[in-house]
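1. Turn this into a structure:
(one chain, ligands or ions: 2)
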Amino acid sequence: MEKLKIAGGYPLKGTVRISGAKNSAVALIPATILAESPVTIEGLPDISDVEILKDLLEEIGGKVELSDDFDMTVDPSTMISMPLPNGKVKKLRASYYLMGAMLGRFKKAVIGLPGGCHLGPRPIDQHIKGFEALGAQVTNEQGAIYLRADELRGARIYLDVVSVGATINIMLAAVRAKGRTIIENAAKEPEIIDVATLLTNMGAKIKGAGTDVIRIDGVDSLHGCRHTIIPDRIEAGTYMILGAAVGEGVLIDNVIPQHLESLIAKLREMGVKIETSDDRVFVNGSDKLKSVDIKTLVYPGFPTDLQQPFTTLLTKAEGSSVVTDTIYGARFKHIDELRRMNANIKVEGRSAIISGPVKLQGAKVKASDLRAGAALFIAGLMAEGITEVTGLEHIDRGYSQLVEKLNGLGATVWREALSKEEVEQLKNT
Ligand SMILES: CC(=O)N[C@H]1[C@@H](OP(=O)(O)OP(=O)(O)OC[C@H]2O[C@@H](n3ccc(=O)[nH]c3=O)[C@H](O)[C@@H]2O)O[C@H](CO)[C@@H](O)[C@@H]1O
Ligand SMILES: C=C(OP(=O)(O)O)C(=O)O
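-> Ligands and ions are numbered 1, 2, ... in the order given. Have a look, this model is predicted:
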């Protein structure tokens, strides 16, 4: 086990290149199960979620090659509907996409309930409602979901909550159902369009991805193709926040600025200078930042996945800011850790109230989830002295080559093995 050490308080500048989107990658990889010949996905991020999904595809008999550039070629022709009730499926949230993809291809699947970030309750009732509407029998036995269908039939499915996962999962099963499926109140995140693009390249018939009504006409078979993943808007947003906090000119390369309009608007409101071009965003930080309020919403609103890192930035702003998470009301586990670093933050219900400006101080802190990790490494870069962040297994789920990218901007960040005592201490917290 390792910790991340950060020598903070220094300005960063230079260019950082954004990797492929985690939340696309984790759906695109399971989607390959649906094809009958090899699929290549170009530009995946170097993150543990990708490695785990690769292992899971191999467990069910797929042949998977991952190049040094993180292009993945999957030959799904030898896959079988192997039950996956335990083990690696528990390590990530998106293992739930194996349900939709295996149901679509094999008409049956057994998948353990997913893991992922602990952000309060994360039910999958809308996924199950969708599978049942398509004709599957779904049971939950000892922590695993059993799905079986004699045949899948298209259906009209209204989602009671706007869910990224349910929208994609239903799409994965419906592309192989007989007839037309209509998903109403669908999520509109860019990752949904990316998955629909891959499926369309594989021969699926999908219209409306990126709007709240998606129409899918099922087909009898899907074939291989090549697909290039979209850039990770959450990783890009993290580097923009970091650029606003400690940047003296940070150029973020390989980004789709339209995916980040809500963040760009809030950063500008704070007084951060931002210039955008086709696939780049330039951010210049400032020592005089204004407080702002944010409320997380479904896309194109302010993303919940940037709420935690943005909270760290607000510790530097003059005045009181209110951060409200309407998607995950308990996504505040980073706050206690920020307080250890001298932040002045109160949590009231679904909101955090941040009073600033304060000068953060280096401390030993623990990442409880992926974006709490981002909040803490940004805090470490802003703080005086050395910060040590543990819980790197969370950060490694979503930040490709973090140390290399930060040091490329002039930071002094390194990974160090934990001592036996530190490992014991962590087990007891
Ligand atoms: C792998 C992946 O893409 N993860 C993202 C995805 O997670 P995920 O797809 O799991 O999140 P959803 O969009 O499904 O969740 C949105 C809200 O709906 C609720 N809900 C969801 C499904 C369901 O069946 N029932 C239900 O009540 C959730 O508890 C949450 O409050 O979108 C989240 C919201 O943008 C992001 O934080 C995650 O980074
Ligand atoms: C919550 C997140 O991921 P996951 O849904 O994979 O746990 C995230 O990316 O911030």
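
2. who in the stretch 301-429 of the chain is up against ligand 2?
-> Taking C-beta under 6 Å from any ligand atom as the contact definition, the stretch 301-429 of the chain meets ligand 2 at 305, 370, 371, 398. Bear in mind the C-beta positions are built from the backbone N, C-alpha and C, glycine included.

3. what's the burial count for the last one?
-> By other C-beta atoms under 10 Å, 27 other residues sit near residue 398.

4. so which helix or strand takes in it?
-> Using DSSP states H and E, residue 398 sits in no helix or strand.

5. Sketch out the helices for the stretch 301-429 of the chain, chain order is fine.
-> Assigned by DSSP state H, counting those that start in this stretch, the helices in the stretch 301-429 of the chain fall at 307-314, 334-340, 370-382, 392-395, 402-408, 420-427.

6. Kindly tell me how buried the nearest residue to residue 75 once chain neighbours are set aside is, as a neighbour count.
-> Using C-beta to C-beta, 6 or more residues apart in numbering and skipping residues adjacent in sequence, the residue nearest residue 75 is residue 63, 4.1 Å away. When neighbours are defined as other C-beta under 10 Å, residue 63 has 14 of them.

7. cool, and the one 5 residues further on?
-> Burial measure for residue 68: 6 neighbouring residues, criterion other C-beta under 10 Å.

8. For it, grab phi and psi.
-> Backbone geometry at residue 68, expressed as degrees, to the nearest 10, gives phi -60, psi -30.

9. which residues does the residue lying closest to residue 359 once chain neighbours are set aside contact?
-> Nearest non-adjacent residue to residue 359, counting by C-beta to C-beta, 6+ apart: residue 384, 6.4 Å away. Counting by C-beta atoms under 8 Å, 6 or more residues apart in numbering, residue 384 makes contact with 8, 9, 359, 360, 361, 362.

10. hmm, try it at 7 Å
-> Contact analysis of residue 384 by C-beta atoms under 7 Å, 6 or more residues apart in numbering lists 8, 9, 359, 361, 362.

11. Next one: it from residue 406, what distance?
-> With distances taken as C-beta to C-beta, to the nearest Å, residue 384 is found 17 Å from residue 406.

12. Residue 235 now?
-> Residue 235 is 12 Å from residue 406, by C-beta to C-beta.

13. Specify which residue of those two has the higher count of neighbours.
-> Set residue 235 next to residue 406 and count neighbours by other C-beta under 10 Å: residue 235 wins out with 27 against 24.

14. Surely the more buried one forms part of a strand?
-> No. Assignment of residue 235 by DSSP: H, G, I helix; E, B strand; the rest coil gives helix, placing it outside any strand.

15. Kindly report the residues of the stretch 301-429 of the chain close to ligand 1.
-> Residues of the stretch 301-429 of the chain lying close to ligand 1 (C-beta under 6 Å from any ligand atom) are 304, 305, 327, 328.

16. any idea of the pLDDT on the residue nearest to the third one when sequence neighbours are not counted?
-> For residue 327, the nearest residue in space outside its immediate sequence neighbours is residue 304; the separation is 4.1 Å by C-beta to C-beta, 6+ apart. We have a pLDDT of 98 for residue 304.

17. OK, contacts around residue 304?
-> Neighbour list for residue 304: 296, 325, 327, 328, 331 [criterion: C-beta under 7 Å, 6+ apart].

18. Residues of the stretch 151-300 of the chain that sit close to ligand 1?
-> By C-beta under 6 Å from any ligand atom, the residues of the stretch 151-300 of the chain that approach ligand 1 are 161, 163, 164, 165, 166, 187.

19. Please list all residues in contact with the last one.
-> With C-beta under 7 Å, 6+ apart as the criterion, the residues that contact residue 187 are 162, 163, 164, 167, 298, 299.

20. Now for the last one, how many residues are close by?
-> When neighbours are counted by other C-beta under 10 Å, residue 299 registers 18.

21. Equivalent analysis for the first one, please.
-> Taking other C-beta under 10 Å as the neighbour definition, residue 162 ends up with a count of 18.

22. Hmm, residue 346 is touching residue 353, no?
-> Yes. Counting by C-beta atoms under 7 Å, residue 346 does reach residue 353; the two are 4.7 Å apart.

23. Which of the two has more residues huddled nearby?
-> The neighbour comparison of residue 346 against residue 353 (other C-beta under 10 Å) goes to residue 353, with 16 against 13.
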